[in-house]
Structures are given as structure tokens and as C-alpha cells.
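Student: Can you look at this prediction? I've put the sequence above it.
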There are 2 protein chains.
Amino acid sequence: MESYSNLAKALEKYPSLIDLFIYKELVKGSPEHLYEASLHLIRAGGKRLRPIITLAVARMLGGQEAESKALPLAVATEVFHTFTLIHDDIMDQDEMRRGVKTVHKVWGEPVAILAGDLLFGLSYKSILLARQRGLSDKQIRMAVEALTEASIRVSQGQAYDMRFEEEEEVDYHDYLNMIYLKTGALIETSAKLGGIAANAPMPIIERLGEYGAFVGIAFQIRDDILGVYGDPKKTGKPVFNDLRRGKKTILVLYALKHSHGEDREILARILKGNVEDEELLRRAADIIKETGALDYAIKLAQTYSQNAISIIEDIESSGLVEDQTHANILKELARFSIEREK
Amino acid sequence: MESYSNLAKALEKYPSLIDLFIYKELVKGSPEHLYEASLHLIRAGGKRLRPIITLAVARMLGGQEAESKALPLAVATEVFHTFTLIHDDIMDQDEMRRGVKTVHKVWGEPVAILAGDLLFGLSYKSILLARQRGLSDKQIRMAVEALTEASIRVSQGQAYDMRFEEEEEVDYHDYLNMIYLKTGALIETSAKLGGIAANAPMPIIERLGEYGAFVGIAFQIRDDILGVYGDPKKTGKPVFNDLRRGKKTILVLYALKHSHGEDREILARILKGNVEDEELLRRAADIIKETGALDYAIKLAQTYSQNAISIIEDIESSGLVEDQTHANILKELARFSIEREK
């Protein structure tokens, strides 16, 4: 993390702030089992990427005061994100997440559905709590708008994702749009919320949203690359993990579109899932390189990451940056999103 | 409906307004199957009780202008209500609702979970659309607060309801609290939203909330009474329907608490569910009368209904009523909630 010295400090400082607010101010009530289920994945860990972006943006533009105002908005994004994880795990019938059993595996599906619903409502509650820290009605309304836009897009994205799993061939442009909806839109909102808390001008808030969307998409493309070419020692996942599971990723979808004959048949076989033949997996990984899919994905992620960095640089040039350290954090994060090994 | 002449007119006028807004302004987008699933229960019918209350309250206090401003808020309550129905049907594994198959029976559980989540987000979107009709940021913030309070309580209420189903004995006071959370809280919000749209003073908005909560609880108690003593020709449900299903209602819970020996054993047997012996069902219905449970429930519902009516009368006395017809609608609705036969 040497070249991410500012980011490393943010990753150290912010999570405890975020978690304290969640436990002390927001997610408490009865019946107990519902609140326990709601807190389960939050307690299990996670990078807190979304709220960190909100806090860093607010601090960059408005210093400590804006950061303090932004905390409930930051928490809203994390609580909302947790709701989507709980419901996604039910839909995908996943059994493990963040090293623990998923919520529906511990409490059953009905309580898990409800725990997600409760967190959805609590994410709005968190925004409303920002009023106590001095947010105006207009800022609250703007924050509610940003969260609501994300909520609709995340539902749309998950619907496309599930639909794509059932389809034989998916255009990789449609896949990219799905990634934006499912992952990019909420990170877009996270960045906007920081701007809203700092009372930034509307065009700046919009550009911050783009920063968030770009970082989110870059993160997801890097995820796809690590899913095939990642070092198992670093990712903690088996080699060729996503190929083995037949997961539709930007790599396979691009390669499928640009391959023919036997190569294409091999990829189609991979997409059917459950391939355990190491030879075949290795061959598929080679085809992905040969078709230019890996290069395409790497360049695409670089473009998104660079665009995100340029947005922060533009804001620096505009003279709106009050705290340079936190502008650096946001730039490092954009770089980290495509350089990370896990 | 003779003695409900004002209410009858509202039931004729409002639903088409509400539905038009839902179809034309709110619930549209892609992927198509997600939006189809989201609209399924809305298309299947329903009384539109919640949005009618919002609209009638707004009209009572602020005339046609307030009614128009209130429409998106009214729609928010109906869309939110539909989300809870979709998720509840999954949790309870119900197969039919409003005469059609439930959403998860048609599209599967993953899409049904997502359709509910989408409607949850769209209910906030609807509130935000009220800005185009002239609602201020403060009014939007108050409306978001009211909806958020309801959303948290409805989740809590459903969690208690499911927990109670597993418990042998439930105190009927706890049951009443559950009814408030699960049903009363959203109707409370519906009434408040009408007051918010009409820019009513805060204490009036609070009293309107009480009106809504009281009507909601009275409605639910009447539901419990009709579930045992309702005329099958009118309710469309088999005689002793709730006894047959072993449903925990205010009647059985009160009777259980106030019975002994053999009577108590019969009720305990009923609560285990699946009793088909007509003789036993009839005996249980008699015990409920003998313990005073039926009288208790009738009087309790009457009290709630009367309290709701008194609130509207108080508002009339305060001189804030601009449209008397719509005050009458709200009073008729409170009376209807305990007199209805289906």
C-alpha cells in the first residue's frame, strides 16, 4: 500500500466512525432477532468503500464540518448496500459472504427478506438524521433523490443480471450497462452525497456522480479480470474461479463475440458452468487473451479510472478543493480500483 | 352503501386518478418483466384505502389544489403497500391475492423480491415527484420522514407477526401492538401525508396520524371478527375461516386468556391449525362469545372508530375544514371500518 499512503489512512480512520454511527444511532430496535439479522453482514466486515467515498468527497470540498454533516449520508449508502447484499444472497442462493453464513442461511428466508427491507427503510432514516447535523431541507431532499435514483437502478441491474444468467449470449455492451446499474449507480450516489453535504454547486455534484460511477465500473471490470487471472494466494479464490462457475463476465462475453469455430465452442461450454477440466479452463483463459478480450478489459478499466482521476483534477483546478489530502485519497482510490490484486 | 353516500363517491372518483398516476408517471421502465411483476397486484385491484385517505384529508383541508399536490404522496402509500404485499406473500408462501396468483407464483421468488424492492424505491420517487406539483423541500422532507417511519414499523410488525405464529400463547396486548405496527402505521402515514400536502399545522398533522392509526386498527379488528363470524356469502370466505386456519386473532387470544379447563384446551387445539371438525369449530366460536372476547373486540373497534371520528370533528371545530364533503368521507370511512360485512 506504499503508493496508496493517503488511501491507507482513510481506510484506517473512517470505518470506525461509520460503524459507531450504525450501531449507536441507527440500527437498533425490536424485535431483537430482526435487528440481529440486519446487523449480521455489517458486523462481518466489508471495505466500507461507499461511505468512505462520501466522507472523503465531503472533506475534500468542505473540510471537517462537511465531513461531519456527511456521516449520516455515508452510513445510508453502506446500510443500503447491505440490504442489497442480503436480498441478492437469497436470490442467488449463496451460502457464504464475508466469511460468515449469509443472513437467510442463519435466520431463514422470511427474516432475511425482512432484514433487507428494514435496512432499506433505515437508509432513508439515516439521511433524515443528517438534519440534526445541520443539513437543510433542500440538502435532505437532494440526498433522498440521489438514494432513490440508485435504489431504482440497483433493482434494474439485479434484474438484468439474473436475466443474463439465463440467456445463452449476452452482448458485452448490455453487460456493461448492467454493471453500471448494479454497482456503479450506488457508488455514483455515494460520491454525490458527499458533494451535497458540502453544499457543492450542482454541476460539481453531477461530476462527482460521474467519478463514483466510473470508479464503480472500473472496480467491477477489475473484479472480472481477477476472477480469471487473479493469483489464488492473493484473491483467496481458486484459480480460474469465474470460468469454473460459468460466470458471464466482460472477458468471456467479449471473447465469445470475437471468436469462431472450436474456440467459440469452448467458451460456450464454459458458460454452461461446472467445468472442472483444468486443461479446458486453461485453454479458455488463453482464448480470452488471444481474442483481445483481456487487453480490451484492461484498457476499458484504465479509461474509466483515468476519467475518474481527471474529474478530481478538474475540481482541484476549479479551486473548490479545501483539503488536498482527501482529493488525493479519491485519486488513489480510482487508481487502486484497477491495480488491486484482491 | 346508502349511509355512506360521500364515501361511495370517493371510492368512485379517486381510484382512477391514483391508477393513472401509477401507470403514466411512476411505474415504467426496464427490464419489462420486472415492471410487469411490480404492476401485477396493482392491476389486480384492491380498495386503494390508503391513497384515498391521503387525498380526502388534503381536499378537506386545502381544497382541490391541495388534493392535486397530494396525489403523488397518495400514490406513494399505495405503491409502498403493494411492495409489502408482494414480500409478505413470499414470507407466508401464499399463492393467491386479489383473485390472481401472487407475484412469486408467477415470476418466481427472486423476481418477486426484486419487484417489491423496486416498488419500495418508487414509493420515494413518487414523493419526490410531488415537487413538480409545488411541494416545498420542507414538505418533501416531512413526507419522506412519514413514509420512513411507516417503513420501519411495517417491517417490525411483520417480524412480530411471524414470530407470534410460532409461539403457543401471545398476549393480546402484544397482538394489538403488532396490528398497529403492521397495518396502523402505514395508514397513519397516509393521513399525515394529506395534512403535509395541505400545509396543515404540525399538531393537526399529528392528530391526522392518530386518525389513520385508529382507522387502521379498527379495520383490522373488524377483519378478525369477520374471519370468525362473517357471512360466507358476503366475505367470500368459508365459515369459521380463521378458526379453521388456526390464525391468531384478537378473538382467540383474548378468549384463551380468559378461559379454563376444557374450553381452553379446545382453543389451544384450534390454534394448532387445520381443524376441519365443524362441531369443534362451532364450539370454539361459542367459547369466544362466552368469554366476552367478541364483546371486547366489538367495543374496542368501536372505541377506535369513535376516536377517529372525534378527531375529524375536532378539526371541523377548529375551523380548518375547507371542504365539508371530504370531512364527511373521512368520518364515514371510520364508521365503515367497523360496520363493513366484507
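Tutor: Nice, thanks for sending it over. Numbering: from 1, shown residues only, chains lettered A, B, ... in the order given.
Student: Could I get the buried residue list for the helix or strand hosting A:Asp174?
Tutor: Using DSSP states H and E, A:Asp174 sits within helix A:172-179. Under the neighbour-count criterion of 16 or more other Cβ atoms under 10 Å in any protein chain shown, helix A:172-179 has A:172, A:175-179 buried. In short, each C-beta sits where N, CA and C put it, glycine included.
Student: Likewise for stretch A:26-41?
Tutor: Neighbour-count burial for stretch A:26-41 flags A:26-27, A:29, A:31, A:34-41 (criterion: 16+ other Cβ under 10 Å).
Student: and what of stretch A:131-150?
Tutor: Under 16+ other Cβ under 10 Å, the buried positions of stretch A:131-150 are A:131, A:135, A:139-150.
Student: Need these in a markdown table (columns: secondary structure).
Tutor: A markdown table is the format used below for those (DSSP: H, G, I helix; E, B strand; the rest coil):
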| residue | secondary structure |
| --- | --- |
| A:Arg131 | helix |
| A:Leu135 | coil |
| A:Gln139 | helix |
| A:Ile140 | helix |
| A:Arg141 | helix |
| A:Met142 | helix |
| A:Ala143 | helix |
| A:Val144 | helix |
| A:Glu145 | helix |
| A:Ala146 | helix |
| A:Leu147 | helix |
| A:Thr148 | helix |
| A:Glu149 | helix |
| A:Ala150 | helix |
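Student: B:Met60: which of those residues is nearest?
Tutor: A:Arg141 (26.1 Å; Cβ to Cβ).
Student: And the residue lying closest to A:Lys257 once chain neighbours are set aside, how far from chain B?
Tutor: Spatially, and ignoring its direct neighbours in sequence, A:Lys257 is nearest to A:Tyr172 (6.4 Å; Cβ to Cβ, 6 or more residues apart in numbering or on different chains). The gap separating A:Tyr172 from chain B is 17 Å, by Cβ to the nearest Cβ, to the nearest Å.
Student: ok, now which ones touch A:Tyr172?
Tutor: A:250, A:253-254, A:257 (Cβ atoms under 8 Å, 6 or more residues apart in numbering or on different chains).
Student: Now render the buried residues of stretch A:26-41 as JSON lines, adding distance to B:Ser337 and pLDDT.
Tutor: Shown next, in JSON lines, are the buried residues of stretch A:26-41 (distance: Cβ to Cβ, whole Å; pLDDT from 0 to 100):
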{"residue": "A:Leu26", "distance to B:Ser337": "35", "pLDDT": "98"}
{"residue": "A:Val27", "distance to B:Ser337": "34", "pLDDT": "98"}
{"residue": "A:Gly29", "distance to B:Ser337": "28", "pLDDT": "97"}
{"residue": "A:Pro31", "distance to B:Ser337": "27", "pLDDT": "98"}
{"residue": "A:Leu34", "distance to B:Ser337": "29", "pLDDT": "98"}
{"residue": "A:Tyr35", "distance to B:Ser337": "32", "pLDDT": "98"}
{"residue": "A:Glu36", "distance to B:Ser337": "36", "pLDDT": "98"}
{"residue": "A:Ala37", "distance to B:Ser337": "34", "pLDDT": "98"}
{"residue": "A:Ser38", "distance to B:Ser337": "33", "pLDDT": "98"}
{"residue": "A:Leu39", "distance to B:Ser337": "37", "pLDDT": "98"}
{"residue": "A:His40", "distance to B:Ser337": "39", "pLDDT": "98"}
{"residue": "A:Leu41", "distance to B:Ser337": "41", "pLDDT": "98"}
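Student: A:Ser123: neighbour count?
Tutor: Counted with other Cβ atoms under 10 Å in any protein chain shown, residues neighbouring A:Ser123 total 24.
Student: I'd like to know which residues of the stretch 51-200 of chain A are adjacent to chain B.
Tutor: Contact residues, the stretch 51-200 of chain A versus chain B (Cβ under 8 Å from any Cβ of the partner chain): A:87, A:90-92, A:109-111, A:113-114, A:116-118, A:120-122, A:124-125, A:127-128, A:131, A:136-138, A:140-141, A:144-145, A:147-148, A:151-152, A:155-156, A:158-160, A:162-163.
Student: Could you check the pLDDT of A:Leu2?
Tutor: Careful, residue A:2 is Glu; it's not Leu. At A:Glu2, the model reports a pLDDT of 55.
Student: what does A:Gly236 give?
Tutor: A:Gly236 is given a pLDDT of 86.
Student: Skipping its backbone neighbours, what lies nearest it in space?
Tutor: A:Lys342 (6.9 Å).
Student: what number of residues lie near the one you found?
Tutor: 10.
Student: Same check on A:Asp323?
Tutor: The burial count for A:Asp323: 18, using other Cβ under 10 Å.
Student: And A:Leu186, by the same measure?
Tutor: For A:Leu186, the neighbour count with other Cβ under 10 Å is 26.
Student: any idea which helix or strand carries it?
Tutor: helix A:185-197.
Student: counting contacts, what elements does the next helix-or-strand element following that helix pack onto?
Tutor: The first helix or strand that comes after helix A:185-197 along the chain, using DSSP H and E, is helix A:202-229. With contacts taken as 3 or more Cβ pairs under 8 Å, 6 or more residues apart in numbering or on different chains; DSSP states H and E, helix A:202-229 sits against helix A:49-92, helix A:172-179, helix A:185-197, helix A:241-244, helix A:250-257, helix A:278-290, helix A:293-317, helix A:324-339.
Student: change it to 7 Å
Tutor: helix A:185-197, helix A:241-244, helix A:250-257, helix A:293-317, helix A:324-339 (3 or more Cβ pairs under 7 Å, 6 or more residues apart in numbering or on different chains; DSSP states H and E).
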